[in-house]
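Trainee: Quick one, what's the 3D model for this:
(2 chains)
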Amino acid sequence: MQLICILCPRGCHIQIQQVKDGEWKIEGHGCKRGKDYAIQEATCPLRVLTTSVWVEGGNHRLVSAKTDRSIPRDKIIESLKQTKGLTVKAPINIGDILVKNIAGTGANLVATRKIDRE
Amino acid sequence: MFRKAEVVIIGGGPAGLAAALSCHKHGIRDILLLERDEYLGGILQQCIHNGFGLHWFGEELTGPEYAQRFIDGVIEKEIPYLLNTMVIEVREDKTIYAVNPQYGLMEIKAKAVIFAMGCRERTRGALKIPGGRPAGVYTAGMAQRLINMEGYMPGREVVILGSGDIGLIMARRLTWEGARVKMVCEIMPYSTGLTRNVRQCLDDYGIPLKYNHTVVKIHGRERLEGVTIARVDDRRLPIPGSEEYVSCDTLLLSVGLIPENELSEGAGVMLDPMTGGPVVDEYRQTTIPGIFCCGNVLHVHDLVDYVSEEAEIAGDGVYRYVNGQSSSNSNYLPVVPGEGIRYVVPQRICGDREVEFFFRSDAIYERGSVELTDGERVFASKKFMRLVPGQMERLKLKKEALTDKEKIKYLQLRWKGSAKEDDRVCN
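Mentor: Numbering: from 1, shown residues only, chains lettered A, B, ... in the order given. Prediction:
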């Protein structure tokens, strides 16, 4: 499997192959994190979800948000469905939890922008 | 209204905010930051994706979070700023004319000025794509603003022209919002965006990236109905017979950014045709003493972290200037791009301290090194496994490395290694 590491902008080209169960042959990684990334990517790819959520009574229409940790890539669409129709009330601070345990991933959707009252 | 300020910073995005904090850190208190939008933070506020701050903060932040850290700093240090303020002219003597709804026309006398106006997107007009003028053709950044900040969906079936980072990020964002992104066309044989974005924004969702392809016609009267794409040859011209019709209601353009230098030109600073930004020295001082610049107005960066770093350098330069500590050395050494290098910043140096050069290659190169030379001696060099135009690189010149300075006429940054990689035909 050919991968491009997304952990930092360097973008290492990594080759990973399963030798046998739980044993991997990895080449091309620039650091230890790249090695862990490759195994994770080959087994269950993780991503941070970022989106915007509607705000009521704020100085902006939408508040930007992210999951406070990486979630399985297959859970992204399901997580986004949970934010559909969601409206949160101003004021909002960075880090405020907007959705708890989104799509059962254990991650919370948190605000990434400060929104004041209108 | 008339007022004075020791330092006026034009632009309240990442470059302006970091420059303001840098000036403050160096002890300057009479600062005035001017921002034309109704909030600070600039374009970062619409870049809601993560990946910012790995270098500067050692953690991964979203755009708004990255911006807020600097905004908090500016507020905490009580650095004065004006919002909704449009600068209309900067004179060579550092008089600034600006307007805002509160004070009307303002004349501001500054000792030093920092340009931090950022850049803007190239539009359809710059590409001269034939066809109608239907709705549905957007720059990628415009679509980003609509979706992330205004809450509007630009369309349902999308073709993206150009593989710049914003285009790639928007491919994923649109997919997440339920649109169908049919393809990304890139006229070059390589992506101009970061590799990690190709991976996590396109590969993750099976969106094809068509290298050596461009859009040659736009179809539709009221609303976009489709585009004709074509393969290009090695001179980037469409190959007759390779045309293909792709139906879509939205076309996003991610075809490059242009430093916004109308004010700089008005002031009379010299511009570098390769970067589109001012010619600067290692303190980021332009060709007019006391006018400095940093960030995307100087040259387009791929990482905001490097913008913040550059703003720190400019802040240091401004401090030296207003305190009469600028280098007395007016014999600048020109630094020019040589073999394989498209541009280098700074374009000239006094050479009295360590300098880090920011540069881009003109094509993809593998295994070799980039060296700084005067044609005979090599003063600095760095090995590269891979050099791509989409990624800005850096090279440090140590102070003590520059010996016998009087004998050097110019410095040249050049690639030494394997020849240019053949334009690989992908897809």
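
Trainee: which residues of the stretch 51-200 of chain B fall in helices?
Mentor: Counting by DSSP state H, counting those that start in this stretch, residue ranges of the helices within the stretch 51-200 of chain B are B:63-76, B:124-127, B:140-145, B:165-176, B:195-197.

Trainee: what do you get for chain A?
Mentor: A:32-43, A:76-83 (DSSP state H).

Trainee: near chain B, which residues of chain A show up?
Mentor: A:3-9, A:11, A:13, A:45, A:47-52, A:54, A:60-62, A:64-66, A:73, A:76-77, A:80, A:94, A:112-114 (C-beta under 8 Å from any C-beta of the partner chain). Any C-beta I mention is one placed from the backbone N, CA and C, and that applies to glycine too.

Trainee: Quick check: the gap between residue B:34 and chain A.
Mentor: 21 Å (C-beta to the nearest C-beta, to the nearest Å).

Trainee: Also residue B:137?
Mentor: Distance from residue B:137 to chain A, counting by C-beta to the nearest C-beta: 23 Å.

Trainee: what's the distance between residue B:117 and residue B:35?
Mentor: Distance from residue B:117 to residue B:35, counting by C-beta to C-beta, to the nearest Å: 10 Å.

Trainee: The helices of the stretch 51-200 of chain B: lowest mean pLDDT?
Mentor: For those, the weakest mean pLDDT is recorded on helix B:195-197, namely a mean of 84.

Trainee: And chain A, is the longest helix seen in chain B touching that?
Mentor: Counting residues, the longest helix found in chain B (DSSP H) is helix B:304-322. No: against chain A, helix B:304-322 shows no contacts by C-beta under 8 Å from any C-beta, the least distance being 8.9 Å.

Trainee: show me where chain A has strands.
Mentor: A:2-4, A:13-20, A:23-27, A:46-47, A:50-56, A:62-67, A:71-72, A:87-89, A:97-99, A:109-111 (DSSP state E).

Trainee: For residue B:375, which of those strands is the nearest?
Mentor: Among these, strand A:13-20 comes nearest to residue B:375, with 35.0 Å by C-beta to C-beta.

Trainee: Can you give me the buried ones in that closest one?
Mentor: By neighbour count on 16 or more other C-beta atoms under 10 Å in any protein chain shown, the buried set for strand A:13-20 is A:13-14, A:16.

Trainee: of these, closest to residue B:233?
Mentor: After measuring the buried residues of strand A:13-20 against residue B:233 - C-beta to C-beta - the closest member comes out as residue A:13, at 27.7 Å.

Trainee: Around the closest residue to the closest one other than its chain neighbours, how many other residues sit close by?
Mentor: Counting by C-beta to C-beta, 6 or more residues apart in numbering or on different chains, residue A:28 is the residue found nearest to residue A:13 once chain neighbours are left out, at 5.1 Å. Counted by other C-beta atoms under 10 Å in any protein chain shown, the residues lying close to residue A:28 total 15.

Trainee: Quick check: which ranges of chain B have low pLDDT?
Mentor: B:327-330, B:419-427 (pLDDT under 70).

Trainee: Residues of it that sit close to chain A?
Mentor: By C-beta under 8 Å from any C-beta, the residues of chain B that approach chain A are B:45, B:48-51, B:54, B:60-65, B:68, B:147-151, B:176-177, B:194-196, B:198-200, B:203-204, B:302-303, B:391.

Trainee: Quick check on the residues you listed: which are buried?
Mentor: Buried members of the residues of chain B next to chain A, scored by 16+ other C-beta under 10 Å, are B:45, B:48-51, B:54, B:60-65, B:68, B:147-149, B:176-177, B:194-196, B:198-200, B:203-204, B:302-303, B:391.

Trainee: Report how many residues lie close to the residue lying closest to residue B:24 once chain neighbours are set aside.
Mentor: Setting aside the residues directly before and after it, residue B:24 is nearest to residue B:77 in space (C-beta to C-beta, 6+ apart), at 5.0 Å. Neighbour count for residue B:77, taken as other C-beta under 10 Å: 14.

Trainee: my read: residue B:77 touches residue B:21, true?
Mentor: Yes: counting by C-beta atoms under 8 Å, residue B:77 touches residue B:21, with 6.9 Å between them.

Trainee: give the contact list for residue 55.
Mentor: In the absence of a named chain, this looks at chain A. Residue A:55 makes contact with A:61-63, A:87-90, A:92, A:115 under the criterion C-beta atoms under 8 Å, 6 or more residues apart in numbering or on different chains.

Trainee: Not quite, go with chain B.
Mentor: B:303, B:305-306, B:309.

Trainee: Can I get the buried part of the contacts of residue A:55 as one ChimeraX selection?
Mentor: In ChimeraX syntax, the buried subset of the contacts of residue A:55 is picked out as below (16+ other C-beta under 10 Å):
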select /A:62,63,88,90,92,115
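
Trainee: Quickly name whichever of the contacts of residue A:55 is closest to residue A:105.
Mentor: residue A:88 (19.3 Å).

Trainee: Please report the distance of the closest one from residue B:403.
Mentor: For residue A:88, the distance to residue B:403 equals 62 Å [C-beta to C-beta].

Trainee: who does residue B:343 bridge with?
Mentor: residue B:360 (DSSP bridges).
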